[in-house]
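> Sharing a sequence plus its predicted fold:
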Amino acid sequence: MKKLHDLKANENDLELLVRIERATLLSGANGQNYLILNLVDPSGRLEARRWMVNDYDKEHLVPNQYIHLTKAVTSEYRGQLQLKINEYAVLTENDLTKFGFKSDDFFVKAPLDVEKHYQDFKKLVGGFENEVYRKVTLHLLKKYEKEFLRYPAAIFIHHNVHGGLFWHSYTLVKNILAIRDNYSYANIDWELLIAGAILHDLGKVVEINNIGANDYSLEGKLIGHISLGNSQVVQAAHELGFIDYENGRQNASVTLLEHLILASHGKHDFGSPVEPHTIEAVILSTFDNLDARIYRTNEEISKVNLFSWTPKLPSEDNKMFYHHFDKVKAKTKK
């Protein structure tokens, strides 16, 4: 049985075991329904098509469904590999054991030791001098620890892998630590910036409906992760005594931390309720955008052959990108 990562164009009679990550029902020019399915297995992801869709397909080819494919066919379309689904059988999680797998195998995982680096996070935050940043951050990490370590950072745009939320936050913190010496002359509150980097996307544990990330929750659709994350900071600050509603007092550090979260997308047009008005918010929104763009662009480049162009990327103003370098092949040559 082959893995998705090993497939090549123009292969026939393929047998595969996959999980459906997303399913989109569309209608062709002839009025016939078809499905675009995003598949995942222990080796990676691949987009597939199911033509001539019937009611059984609509009911069973749904997100987080495991299926055993037989007689599948691959082709190449605009430089990208594509799979055609012919025959399939629906599986339960228990059925996976018959093939030597478990359900957790069918999630693409972040390429880092999440548990180890999470301990580094807590040690770093535990050393903060600012009581608000230290206590609020540790409080929320403890409250949402399971979700923070396992959830993706998004459904589509970036770091949409198991542990992606932590991976994205970890990358931002590492980037911040990397520039600290270069900007030692600047009036930057590094503790505030690090706390903001860790917490800026925490609202996604409420915004995304489950670890499989096939849809948004009601709160996610109506409120969004930025406002959800900000409300979690406010609630934690109140529980820890940094906000006194009865006397109308709020610690200024709470307000600064809120601002970093609310301004994390940089511009109103990108979904930020406010735009950056502190130097820390400028840095955080810049790194947040940079990390998302690198991830998304690299993902699309990786889908096409070497010396080929990606399709137009909506997240990059519909620009196409050229795949001119393969790091694996470059290492092999050395």
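Everything's here; your move.
> State the helix or strand in which residue 59 lies.
Following DSSP states H and E, one finds residue 59 within helix 55-60.
> Could you count how many residues lie near the nearest residue to residue 273 once chain neighbours are set aside?
Using Cβ to Cβ, 6 or more residues apart in numbering and skipping the chain neighbours, the partner closest in space to residue 273 is residue 262 (4.8 Å). Heads up, the C-betas are built off the backbone N, CA and C, glycines and all. By other Cβ atoms under 10 Å, 20 other residues sit near residue 262.
> give me every residue that touches residue 262.
Contact analysis of residue 262 by Cβ atoms under 8 Å, 6 or more residues apart in numbering lists 226-227, 230, 272-274.
> those strands in the stretch 101-250 of the chain, which residues are they?
Ranges of strands in the stretch 101-250 of the chain, per DSSP state E, counting those that start in this stretch, are 243-244, 249-250.
> Any stretches of this protein with poor pLDDT?
Across the chain, residues meeting the criterion (pLDDT under 70) sit at 213, 329-334.
> What are the boundaries of the helices in the protein?
55-60, 93-96, 114-126, 131-143, 145-150, 164-179, 190-199, 204-207, 218-222, 225-239, 252-262, 279-303, 327-333 (DSSP state H).
> Mind giving me the packing neighbours of the second one?
Contact here means 3 or more Cβ pairs under 8 Å, 6 or more residues apart in numbering; DSSP states H and E; on that basis helix 93-96 packs against strand 66-77.
> Recalculate using a threshold of 10 Å.
Using 3 or more Cβ pairs under 10 Å, 6 or more residues apart in numbering; DSSP states H and E, the elements in contact with helix 93-96 are strand 14-27, strand 66-77.
> returning to what we had before: got a ChimeraX select line for the buried ones in the contacts of residue 262?
The buried subset of the contacts of residue 262, as determined by 16 or more other Cβ atoms under 10 Å, is captured in ChimeraX by this line:
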select :226,227,230,272
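> returning to that earlier point: now render the strands of the stretch 101-250 of the chain as JSON lines, adding distance to residue 143.
Formatted as JSON lines, the strands of the stretch 101-250 of the chain follow (distance: least, Cβ to Cβ, whole Å):
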{"stretch": "strand 243-244", "distance to residue 143": "17"}
{"stretch": "strand 249-250", "distance to residue 143": "20"}
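> among those strands, which is the most enclosed?
Highest mean neighbour count of those: strand 243-244, a mean of 14 (counted as mean count of other Cβ atoms under 10 Å).
> Of the helices of the chain, which is nearest residue 28?
With respect to residue 28, and counting by Cβ to Cβ, the nearest of these is helix 55-60 at 14.5 Å.
> list the buried ones in that closest one?
Neighbour-count burial for helix 55-60, with 16+ other Cβ under 10 Å as criterion, is recorded at residue 57.
> so who does residue 286 touch?
175, 266, 276 (Cβ atoms under 10 Å, 6 or more residues apart in numbering).
> who wins for most neighbours among those?
Using other Cβ under 10 Å as the neighbour test, the contacts of residue 286 are led by residue 276, with 21 neighbours.
> Does that one touch residue 267 like I think?
Yes. Using Cβ atoms under 10 Å, residue 276 is in contact with residue 267, at 8.9 Å.
> what sits in contact with each of these two?
Looking at what touches both residue 276 and residue 267 (by Cβ under 10 Å, 6+ apart), the common residues are residue 285.
> want to throw the contacts of residue 286 into TSV with distance to residue 59?
Formatted as TSV, the contacts of residue 286 follow (distance: Cβ to Cβ, whole Å):
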residue	distance to residue 59
175	45
266	42
276	47
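> Would you mind checking which of these is nearest to residue 83?
Of all the contacts of residue 286, residue 83 sits closest to residue 175, with 36.1 Å by Cβ to Cβ.
> separation between the closest one and residue 152?
20 Å (Cβ to Cβ, to the nearest Å).
> same thing with residue 274?
Look at residue 274 and residue 152: by Cβ to Cβ, they are 26 Å apart.
> repeat for residue 328
Applying Cβ to Cβ to residue 328 and residue 152 gives a distance of 24 Å.
> okay, the two: which has more neighbours?
Using other Cβ under 10 Å, the more surrounded residue of residue 328 and residue 152 is residue 152, with 25 against 6.
> Show the contacting residues for the more buried one.
Neighbour list for residue 152: 107-108, 110, 158-168, 204, 208, 211-213 [criterion: Cβ under 10 Å, 6+ apart].
> Once you drop chain neighbours, what's closest to it?
Spatial nearest neighbour of residue 152, excluding adjacent residues (Cβ to Cβ, 6+ apart): residue 164 at 4.0 Å.
> what do you get for residue 304?
Among residues not flanking residue 304 along the chain, residue 79 sits closest, at 4.2 Å (Cβ to Cβ, 6+ apart).
> In this structure the one you found contacts residue 321, no?
No. Using Cβ under 10 Å, residue 79 is not in contact with residue 321, being 11.5 Å away.
> shared neighbours, those two?
Taking Cβ under 10 Å, 6+ apart as the criterion, residue 79 and residue 321 both touch 304, 308-311.
> Next up, the contacts around residue 270.
If you count contacts by Cβ under 10 Å, 6+ apart, then residue 270 has 264, 285, 288-289 around it.
> Can you give me the distance of it to residue 26?
According to Cβ to Cβ, residue 270 stands 28 Å off from residue 26.
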